[in-house]
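# Everything below, folded, please.
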Amino acid sequence: MAPFAGYDMPISYPTGAVEEHNICRRSVGLFDIDHMGQLIVSGPDADAFVSHTVSGAVLDMKDWDARYSLLLDEKGLVRDDLFVYRLPRVNAAEGRWWIVVNASNLEADFAWFKARAVEWKGKVKVEDVSAETYMIAVQGPRAIELLDSMADRKVSAFPRFTSGEFVIEGTKVLFGRTGYTGEDGGELFFPAEKALAVWEAFIKTGEKKGIETKAIGLAARDSLRFEAGMPLHGHEISPSINALEAGFKWACDFSKADFIGKKALEAIAAAGLPRKLVGIEMTGGVPREGYEVQAPDGRKIGLCVAGMFCPTTKKYAANAFVTPEFAKVGTDVAIVAHGKPKPGLVVKRPLYVPAYRR
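Sure, this is the predicted structure:
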């Protein structure tokens with residue numbers, strides 16, 4: 001256990017981080033991610049408000065669709081990354097949105113949304129429902145099979161990047177077929193007082209059905225998301241990193257009339273990026289956040305923002321921001337570990353192709 005975003009969180013269980021990683025890749029991993037935040041945005045102007053405040057396209061979303069997006073500031077820097085769910089309307093005049101934010105940013109994100117909602121003159125309401133909501137991720141190639149065996153409807157009928165409701169262990173659940181591991185599965189939201197009962201039901205049902213189902217800690221969660229090319233706030237994205245250099249142009253809908261940060265990103269694109277996020281495979285050492293990246297002639301060309309051993313690919317790799325001339329796949333670089341440059345090679349990201357892209 002260790003402190004994380006104001007919570008005591010499991011870094012690993014007795015299974016061990018590497019084996020937890022492998023379990024999620026081969027069967028089912030359970031992730032206690034109740035530290036994440038959940039907001040509801042509603043009101044007559046909720047649709048327009050969400051479209052203006054997040055970077056991605058949302059107005060084309062149908063009821064129950066789920067979509068990744070960014071929360072940017074006016075300079076195009078990444079305040080947070082989000083999952084946005086379009087909920088069915090209570091009535092024809094009012095839109096409803098479920099927005100999932102990172103734990104360490106919950107208070108700031110909530111205040112940010114609330115402050116901007118004031119400009120909409122009472123036609124937008126923002127609620128923080130994190131305290132009463134429990135969130136669990138069920139991830140892995142057998143996750144949907146496990147969920148199908150427990151829910152009152154076929155979870156396998158939910159297309160990827162959609163959401164919906166079902167009942168499990170007598171508890172009504174909001175389910176998103178989304179995740180942060182590169183595997184199939186989903187994320188569940190339900191009343192916090194039901195957390196233990198539902199968690200234990202997953203473990204017991206897995207045992208009964210012969211589906212290997214284990215709890216997974218933050219260490220394996222990090223290596224899983226790293227291999228799958230998903231960002232971690234404070235590393236690949238942060239308030240000092242803009243969306244374009246982090247490779248998230250695809251999460252920004254420039255066809256919208258406006259969104260916060262749009263003008264800044266257009267100016268950045270016109271001027272040219274001074275650095276780009278790349279993946280680097282390293283030999284002769286373990287890359288870590290903060291390690292310097294060098295050109296073959298010893299010039300500093302960037303810094304690592306994350307690095308580790310990747311259990312699936314069985315390689316040591318880093319994510320780093322480097323100058324554009326060294327960002328091409330196949331480029332030789334070096335990473336300085338303990339004062340000594342170690343060979344590195346720029347490689348294609350992601351290292352592990354997520355299930356939804358296969």
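
# buried set for stretch 74-94?
Buried positions in stretch 74-94, judged by neighbour count with 16 or more other C-beta atoms under 10 Å: 76-87, 94. No exception for glycine: its C-beta is placed from N, CA and C like everyone else's.

# Out of these, the closest to L106 would be?
In terms of C-beta to C-beta, no member of those lies closer to L106 than D80, at 9.1 Å.

# and the closest one, what does it touch?
Applying C-beta atoms under 8 Å, 6 or more residues apart in numbering to D80 gives the contacts 70-71, 101-102, 105, 109, 233.

# if you set the cut-off to 7 Å instead, what comes out?
By C-beta atoms under 7 Å, 6 or more residues apart in numbering, D80 lies in contact with 71, 101-102, 105, 109, 233.

# Can you give me the pLDDT of the residue of the chain most remote from its centre?
Ranked by distance from the centre of the chain (C-alpha atoms, centre = their mean), the top residue is D297, with 36.2 Å. Looking at D297, its pLDDT reads 97.

# next one: A92
87.

# Pull up the gap between L87 and G186, please.
Relative to G186, L87 is positioned 16 Å away (C-beta to C-beta, to the nearest Å).

# A2 too?
Taken as C-beta to C-beta, the span from A2 to G186 is 26 Å.

# And the strands in the stretch 1-150 of the chain, which stretches?
2-4, 7-9, 28-32, 37-43, 66-72, 78-91, 94-101, 125-128, 133-139 (DSSP state E, counting those that start in this stretch).

# in the stretch 151-300 of the chain, which spans are helices?
195-209, 218-227, 262-271 (DSSP state H, counting those that start in this stretch).

# what's around the residue nearest to G185 when sequence neighbours are not counted, how many residues?
In this structure, G185 finds its nearest non-sequential neighbour in A143, 3.3 Å apart by C-beta to C-beta, 6 or more residues apart in numbering. Per other C-beta atoms under 10 Å, the neighbour tally for A143 reads 28.

# who touches A143 in this structure?
28, 183-185.

# so which of the residues you listed comes closest to M36?
For the contacts of A143, the nearest to M36 is G185 (15.5 Å; C-beta to C-beta).

# what about G206, distance to L224?
With C-beta to C-beta as the criterion, G206 and L224 are 18 Å apart.

# got the contact list for the residue nearest the centre of the chain?
Note on the chain: the residue nearest the mean C-alpha position is Y180, at 5.2 Å, using C-alpha atoms, centre = their mean. The contact partners of Y180, taken as C-beta under 7 Å, 6+ apart, are 137, 221, 225, 230.

# Buried members of these into PyMOL, please.
Buried residues among the contacts of Y180 (16+ other C-beta under 10 Å), as a PyMOL selection:
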select buried, resi 137+221+225+230
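
# quick check, nearest of the contacts of Y180 to A195?
Using C-beta to C-beta, the contacts of Y180 come closest to A195 at A137, 13.1 Å.

# The closest one and E187 touch, don't they?
Yes: with contacts counted by C-beta atoms under 7 Å, A137 reaches E187, the gap being 4.9 Å.

# quick one: F4 and G217 touch, right?
No: using C-beta under 7 Å, F4 makes no contact with G217, being 10.4 Å away.

# ok, these two, which is more surrounded?
Each of F4 and G217 has its neighbours counted (other C-beta under 10 Å); G217 has more, 22 against 14.

# list the contacts for the more buried one?
Contacts of G217 were listed using C-beta under 7 Å, 6+ apart, and they are 10-13, 17, 20.

# In helices, which of these appear?
Among the contacts of G217, DSSP state H puts 17, 20 in helices.

# first vs last residue of stretch 234-245, how far apart are they?
14 Å (C-alpha to C-alpha, to the nearest Å).

# ok, and what's touching it?
Residues contacting stretch 234-245 (C-beta under 7 Å, 6+ apart): 55, 70, 72-73, 76-79, 81, 231, 246, 249, 251-252, 265, 268-269, 273, 275-277, 289, 305-306, 319, 321.

# again, only using 6 Å
Applying C-beta atoms under 6 Å, 6 or more residues apart in numbering, the contact partners of stretch 234-245 are 70, 76-79, 81, 231, 246, 252, 265, 268, 273, 275-276, 305-306, 319.

# can I see the domain layout of the chain?
2-35+132-227, 37-128, 274-351 (automatic domain parsing).

# quick one: the last one to chain centroid distance?
Read that as domain 274-351. Centre-to-centre, domain 274-351 and its host chain are 22 Å apart (C-alpha atoms, centre = their mean, to the nearest Å).
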